[in-house]
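Novice: Return a 3D structure for these sequence lines:
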Amino acid sequence: MPALHQPRSNEAESRLATELAEASSTYRYLDTCGETAPADAELAEEVALAIAFNGISQAVMLVSPADLEDFVVGFSLGSGIVDSIDDIYDIRLGGTGAARQAEVQISNRAFWRLKQQRRRLAGSSGCGLCGVEALEQALPSLPSLSPAPLPPLAWLHELRPRIAAWQPLGRHCGAVHAALFMDAQGELRLAREDIGRHNALDKLIGALLRQRQPLHGGLAIVTSRCSLELIHKVLRAGIHTLVSLSAPTGLAVQWARRHQLNLIHLPQRAQPRVYSPESAA
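Specialist: Numbering: from 1, shown residues only. Got it, this is the predicted structure:
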């Protein structure tokens, strides 16, 4: 594991060959006009990852096949299955090719809650109970964060080109999103990439937790649009500021304001837009 004070460029150099080999492959293509010879292109790969908690299957996710342990930790926390990384006792990865498995051992407390949730969702749809439970999961009750200051404007200056240096897979083959963490000194420290925008953020949060990276005063950055699910994940991780390179949805703004999450949109050709806190917008 690289030292936490090292910049992403050093980490990327050490991980690049393995990451690209895991998450991309070369494919032959033909020019539809038939005017050129067949050529090769690097394409992002995706695999189906089946996740089971204490022997019970929970989800199958399509993910980029790199940093899978980071993803499992971040997914477990971001989905509300566990409250902290300490509830995760063991992760065992298996499978090859497009079919992968993750066997996760979690605390009895977290597993009991997961079983109760699954039992409620197994009820008859005729009474409408399943719909109510599904809504409760889509719009969960989450604690508000303590108010935190907005990051200095200088931290966001030329952020887009700085982020590009932390996206080796994106530069190599495209078709992936990225999530990054900036520490309390305004330095980019960690990044993860994935075909799914939710997955990229899960991987980032999982990596931060596994490396015991201090989160206080830092901020998360996503290259994708900001929807409600990303707000949920950042709130559960305890990160106080989220910066999105694409516009947030209205519901994401409402939840950010309600839960005292700093939410900033960084347009491509305009000044940063602070949507939360509302008084600063």
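
Novice: Report the mean per-residue pLDDT for the helix or strand where residue 76 lies.
Specialist: Remark: residue 76 resides in helix 68-78, with elements defined by DSSP states H and E. The pLDDT scores in helix 68-78 average 97.

Novice: ditto for stretch 48-61
Specialist: Averaging pLDDT along stretch 48-61 gives 95.

Novice: buried residues in it?
Specialist: Within stretch 48-61, the residues scored as buried using 16 or more other CB atoms under 10 Å are 49, 50, 51, 53, 54, 58, 61. Every C-beta, even on glycine, is put in place using the N, C-alpha and C of the backbone.

Novice: related to what we said a few turns ago, ok, and what's touching the helix holding residue 76?
Specialist: Outside helix 68-78, the residues within contact range by CB atoms under 8 Å, 6 or more residues apart in numbering are 49, 51, 53, 59, 61, 63, 81-85, 87-88, 91, 93, 100, 102, 104, 106, 192, 194, 198-199, 201-207, 209-210, 232-233, 236-237.

Novice: Same question for stretch 161-179.
Specialist: By CB under 8 Å, 6+ apart, the residues outside stretch 161-179 that reach it are 8-9, 12, 15-16, 19-20, 23-24, 41-44, 64, 66, 180, 188, 191-197, 199-201, 203-204, 220-224, 245.

Novice: Would you map the helices across the stretch 151-281 of the chain?
Specialist: Along the stretch 151-281 of the chain, counting by DSSP state H, counting those that start in this stretch, helices occupy 159-164, 168-173, 197-210, 228-237, 250-258.

Novice: I'd like to know which of the ones you listed lies nearest to residue 145.
Specialist: Closest approach to residue 145 among those (CB to CB): helix 228-237, 6.7 Å.

Novice: List the buried residues for that closest one?
Specialist: By 16+ other CB under 10 Å, the buried positions in helix 228-237 come out as 228, 230, 231, 232, 233, 234, 235, 236, 237.

Novice: again with stretch 26-44
Specialist: Taking 16+ other CB under 10 Å as the criterion, stretch 26-44 shows residue 44 as buried.

Novice: again with stretch 101-116
Specialist: 102, 103, 104, 106, 107, 110, 111, 113, 114.

Novice: before we move on, what about stretch 208-225?
Specialist: Using 16+ other CB under 10 Å as the test for burial, stretch 208-225 gives 208-210, 215, 217-225.

Novice: do the same with stretch 152-172
Specialist: Buried residues in stretch 152-172, counted by 16+ other CB under 10 Å: 155, 156, 159, 163, 166, 167, 168, 169, 170, 172.

Novice: what is the mean pLDDT for it?
Specialist: So the average pLDDT for stretch 152-172 ends up being 93.

Novice: now stretch 191-202
Specialist: 96.

Novice: Now the terminal residues of it, how far apart.
Specialist: Using CA to CA, to the nearest Å, one end of stretch 191-202 lies 11 Å from the other.

Novice: Secondary structure class of the residue of the chain positioned farthest from its centre, three-state.
Specialist: The C-alpha centroid of the chain is most remote from residue 35, which lies 41.6 Å away (CA atoms, centre = their mean). Under DSSP: H, G, I helix; E, B strand; the rest coil, residue 35 falls in the coil class.

Novice: Give me the spatial nearest neighbour of the residue nearest the centre of the chain, chain neighbours excluded.
Specialist: With distances taken as CA atoms, centre = their mean, residue 201 lies nearest the centre of the chain, 1.2 Å away. Leaving aside its chain neighbours, residue 201 sits nearest to residue 179 (4.3 Å; criterion: CB to CB, 6 or more residues apart in numbering).

Novice: try residue 207
Specialist: residue 70 is the one closest to residue 207 (CB to CB, 6+ apart), at 4.3 Å.
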